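[1] starting from these lines, generate the structure:
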Amino acid sequence: MHEAEKTKFIDVQLEKLVTHLESLRIADYMELLQRPGRLIFVNLVAGIARGLGIALGATLVFALVIEFLRRLILLNIPGIGAFIAEVIHIVETRNGSF
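    Numbers count the residues shown, from 1 in each chain. So this is what the prediction gives:
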C-alpha cells in the first residue's frame, strides 16, 4: 500500500508539472526556435510596432504639453507667463531662430 501511495503522489506531481509546462507554451517556443526565418520576422514586426508606438506616444505627449503651455501663456498669469515666455525665448535663441 505504501508503494501505491508513492506512485499516486508521483503521478499527481507529474500531472501538475505537465500542466504547468503546457501553460508556459514551451512547445510553441521550441518550434519558433527551430524556424529562424519566422523568429526574425516576428522580432522585426515586434520591433517596428514598439518603435512606432513610442514615436506616436511621445509625439502625442509633447503636443499636449506644448498646447498646455500655449494656453498657459494666453492666460497671462504674471509669474508663469513671463517664465514660459523667457524659456521659449532662450530655446529660440539657442536654435538661432529668433
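
[2] list of residues touching stretch 28-45?
    In this structure, no residues lie in contact with stretch 28-45 by CB atoms under 8 Å, 6 or more residues apart in numbering. For the C-beta atoms, the positions are set from N, CA and C on the backbone; glycine is no exception.

[3] distance from the chain centre to it, please.
    Taking CA atoms, centre = their mean, to the nearest Å, one finds the center of stretch 28-45 at 20 Å from the center of the full chain.

[4] now do stretch 24-42
    Here the centre of stretch 24-42 is set off from its chain's centre by 21 Å, with CA atoms, centre = their mean.

[5] same question for that stretch, mean pLDDT?
    Stretch 24-42 shows a mean pLDDT of 88.

[6] low-confidence regions, the chain specifically.
    1, 97-98 (pLDDT under 70).

[7] which stretches of it form strands?
    Read by DSSP state E, the chain holds no strands at all.

[8] biggest helix in it, by residue count?
    If you go by DSSP state H, the chain has its longest helix at helix 36-74.

[9] burial check on I84, number of neighbours?
    15 (other CB atoms under 10 Å).

[10] so which residue is dead centre in this structure?
    R50 (6.8 Å; CA atoms, centre = their mean).

[11] about what we covered before: next, the buried residues of the longest helix of the chain.
    By neighbour count with 16 or more other CB atoms under 10 Å, helix 36-74 contains the buried residues I73.

[12] and the protein, what are its domains?
    1-34, 48-98 (automatic domain parsing).

[13] any chance of the ones you listed in JSON lines, plus distance to F41?
    Shown next, in JSON lines, are those (distance: least, CB to CB, whole Å):
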{"stretch": "domain 1-34", "distance to F41": "10"}
{"stretch": "domain 48-98", "distance to F41": "11"}
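
[14] so how far is I73 from the residue nearest to the centre of the chain?
    R50 sits 35 Å away from I73, going by CB to CB, to the nearest Å.

[15] R25 now?
    Counting by CB to CB, the gap from R25 to I73 is 53 Å.

[16] likewise A27?
    59 Å.

[17] got a list of what the closest residue to L75 other than its chain neighbours touches?
    Counting by CB to CB, 6 or more residues apart in numbering, the nearest residue to L75 once its immediate chain neighbours are dropped is G81, at 6.9 Å. By CB under 8 Å, 6+ apart, the residues touching G81 are 72-73, 75.
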